[in-house]
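Whatever this is, show me its structure:
(chains A, B, C and D)
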There are 2 protein chains.
Amino acid sequence: MKTDKLCIRCENCNKRSPLFASLTDDELKLLNDDRHSVLFHEGEVILKQGTRADYLVSIVEGFAKMYIEGIQNRNLILDFVKPWKLMGGPSGMVKEKHRYSVMAIQETLVCFIDMDNLKKVLASNSEFSAQFLIYCSRNYQAALDRLVGISQKQMHGRVADAMIYLSEDIYNSQTIGEEISRQDISEYTAMSKDSAIRVLKEFERDQIVSLHGRQIEVLDSGKLHDIADKG
Amino acid sequence: MKTDKLCIRCENCNKRSPLFASLTDDELKLLNDDRHSVLFHEGEVILKQGTRADYLVSIVEGFAKMYIEGIQNRNLILDFVKPWKLMGGPSGMVKEKHRYSVMAIQETLVCFIDMDNLKKVLASNSEFSAQFLIYCSRNYQAALDRLVGISQKQMHGRVADAMIYLSEDIYNSQTIGEEISRQDISEYTAMSKDSAIRVLKEFERDQIVSLHGRQIEVLDSGKLHDIADKG
DNA sequence: CTAAATGACTGACCTGAGTCAGTCATTATT
DNA sequence: AATAATGACTGACTCAGGTCAGTCATTTAG
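Take a look at the predicted model:
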């Protein structure tokens, strides 16, 4: 594990996480107590479902997936996460175990922030507390959206959703990188890997995407949105 | 609409909502400004998806369902709610429109609390703010649980989940009341009404439940849990 | 009192989507 | 260089679960 990339002084990098914008220097210092950075390699588990939620986890650099380990070893990917996503907040609030795992998809630098310190800052800074509440609310709403998508759309709609999400929100590009496997797509869309491959191939046949190995290029974003809307 | 049941003085009834326990009398008074109670009849919409989230909604008496109006008029019931459930918080925080509707299943008394007043109290009372955050986190976690249940369990498991939820969490009784229709069960379990009926009938055949009209009596809660766990 | 509407229920049918077995190409191992 | 392992891909088969058409019992409306 390399150390040269680790954040020793966190005051700077904290300021880049929009949520931390409202914190005073003193409050940032408090968060930095017991804070530590760790570099994870591809495939390594950053946060494991079932462990005690003692830390807030912040992605500083890299790329990871957040997933629930469900029934019979089936995973459900909740989100692909990049800087400056925070994780573990909701579980930390209720003093429970983490309800999901996080795994690095690329080399990923992560900061662990002590939950007790977070709570102190939440109690002392009402603006920060309001922002944090907004962040939790957005998580909730995103979960509701996925609930509807997964329960009411069929395969084509769900894959279209995934393509839109990945290209527009995650990659900000027509090209979805090769770090996303077919298996990942199937776990994000709640379907079997074979079915995901099949649908992607149909999209390629219909000139909606083009496939270069793992890399996926969105050719017709309009059609993608149509399919996603219709279900 | 009857008025004799309406809460004119809310200080008392506020104290029964566990979330409000940490509020001072002054803060309660602030919440009670612009607060109003309304009695809804069965089938009436208490809160409509898409309207501005200006109020926090609190169920004071009665029984309602919280549901998302999804694609092609298909609904997804998120929750059956009874006193003292709060709703509309997450949407209110992000100053957006409500992401779900709420409909009275029985005659239901509801309090509307002004969102701006709520925010003032959140800012002034950090203990309340922490409690509110916990409430939002629990909502989020419940949504994650449903996400896994709906995407990874098949019909029998999902209906078993619904029976357990209704009898253990909502009715606190082996008997699920006749205000829950088959359609409601199908919208809670994300399946067609016909399939829900079919599964319930199989459960009856297998002595797991007994059906008396709309009323459902849980006979073998152990078997129900087995089915729910296996998926 | 009759007619229409509603909701539980059932059987027949059909299709969306998972499973399985296997090919091919690429990468890792010895 | 040969072998094993991995992951994308495909076709054939199966089945869970949705749709449809219709019955029956119970309410509601005229």
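
Show the model's pLDDT score for the residue most central in space within chain A.
Residue closest to the average C-alpha location in chain A (Cα atoms, centre = their mean): A:Val81, at 2.8 Å. Per-residue pLDDT puts A:Val81 at 94.

Just list whatever residues bridge to it.
A:Ala64 (DSSP bridges).

I'd guessed it sits against A:Met66; true?
Yes. Using Cβ atoms under 8 Å, A:Val81 makes contact with A:Met66 at a distance of 5.6 Å. All C-beta atoms are positioned from the backbone trio N, CA, C, and that covers glycine.

So which residues of chain A form strands?
Along chain A, counting by DSSP state E, strands occupy A:36-40, A:45-47, A:55-61, A:64-69, A:75-81, A:86-87, A:101-104, A:108-114, A:175-176, A:209-212, A:215-218.

right, and those strands - which one's nearest A:Lys193?
Closest approach to A:Lys193 among these is made by strand A:75-81 (11.3 Å; Cβ to Cβ).

Output the contacting helices and strands for the closest one.
On a contact count with 3 or more Cβ pairs under 8 Å, 6 or more residues apart in numbering or on different chains; DSSP states H and E, strand A:75-81 meets strand A:64-69, helix A:126-152, helix A:182-189, helix B:126-152.

And these: which comes nearest A:Phe20?
helix A:126-152 (7.7 Å).

Mark out where each domain of chain A begins and ends.
Following automatic domain parsing, chain A resolves into domains at A:11-150, A:153-230.

now for those domains, which one comes closest to B:Leu30?
domain A:11-150 (14.9 Å).

Mean pLDDT lowest where, among the domains of chain A?
domain A:11-150 (a mean of 87).

Tally up the residues packed near A:His41, please.
The number of residues packed near A:His41 is 12, by other Cβ atoms under 10 Å in any protein chain shown.

ok, it touching A:Leu109?
No. Contact criterion Cβ under 8 Å: A:His41 and A:Leu109 do not qualify, at 11.0 Å.

For A:Ala196, which non-adjacent residue is spatially closest?
A:Ser186 (3.9 Å; Cβ to Cβ, 6 or more residues apart in numbering or on different chains).

any idea how far B:Glu107 is from the one you found?
46 Å (Cβ to Cβ, to the nearest Å).

before we move on, the earlier item: okay, the domains of chain A in TSV with distance to B:Lys230 next?
Below are the domains of chain A laid out as TSV (distance: least, Cβ to Cβ, whole Å):
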stretch	distance to B:Lys230
domain A:11-150	8
domain A:153-230	18
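
So which of the ones you listed is nearest DNA strand D?
domain A:153-230 (3.6 Å; Cβ to the nearest atom of the strand).

and the closest one, does that touch DNA strand C?
Yes. Under the criterion of Cβ under 7 Å from any atom of the strand, DNA strand C is reached by domain A:153-230 at A:154-156, A:190-192, A:194-195.

picking that back up, ok, A:Ser186 and B:Glu107, which is more surrounded?
Higher neighbour count among A:Ser186 and B:Glu107: A:Ser186, with 24 against 15, using other Cβ under 10 Å.

how near is that one to A:Ala162?
On the measure of Cβ to Cβ, A:Ser186 and A:Ala162 end up 9 Å apart.

now A:Asn139
19 Å.

pLDDT score for A:Lys5?
pLDDT, A:Lys5: 47.

burial of A:Val209, as a residue count?
Neighbours around A:Val209, by other Cβ under 10 Å: 25.

separation between the closest residue to it other than its chain neighbours and chain B?
Distances taken as Cβ to Cβ, 6+ apart put A:Phe203 closest to A:Val209, at 4.7 Å, once the chain neighbours are dropped. Distance of A:Phe203 to chain B, computed by Cβ to the nearest Cβ, to the nearest Å: 20 Å.

Just to check, A:Phe203 is in contact with A:Val159?
Yes. Judged on Cβ under 8 Å, A:Phe203 makes contact with A:Val159 at a distance of 7.1 Å.

How about the residues of chain A by DNA strand D?
A:181-183, A:193-194, A:197-198, A:200-201, A:211, A:213-214.

Between these, identify the one with the most neighbours.
Neighbour max across the residues of chain A next to DNA strand D (other Cβ under 10 Å) = A:Leu200, 20 neighbours.

Distance to B:Ser167 added to the helices and strands packed on strand A:75-81, as TSV?
Formatted as TSV, those follow (distance: least, Cβ to Cβ, whole Å):
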stretch	distance to B:Ser167
strand A:64-69	26
helix A:126-152	23
helix A:182-189	32
helix B:126-152	16
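
Quick one: residues contacting the nearest residue to A:Asp54 once chain neighbours are set aside.
Sequence neighbours aside, A:Met115 is the residue nearest to A:Asp54 in space, at 5.3 Å (criterion: Cβ to Cβ, 6+ apart). Applying Cβ atoms under 8 Å, 6 or more residues apart in numbering or on different chains, we find A:Met115 in contact with A:53-56, A:88, A:92.
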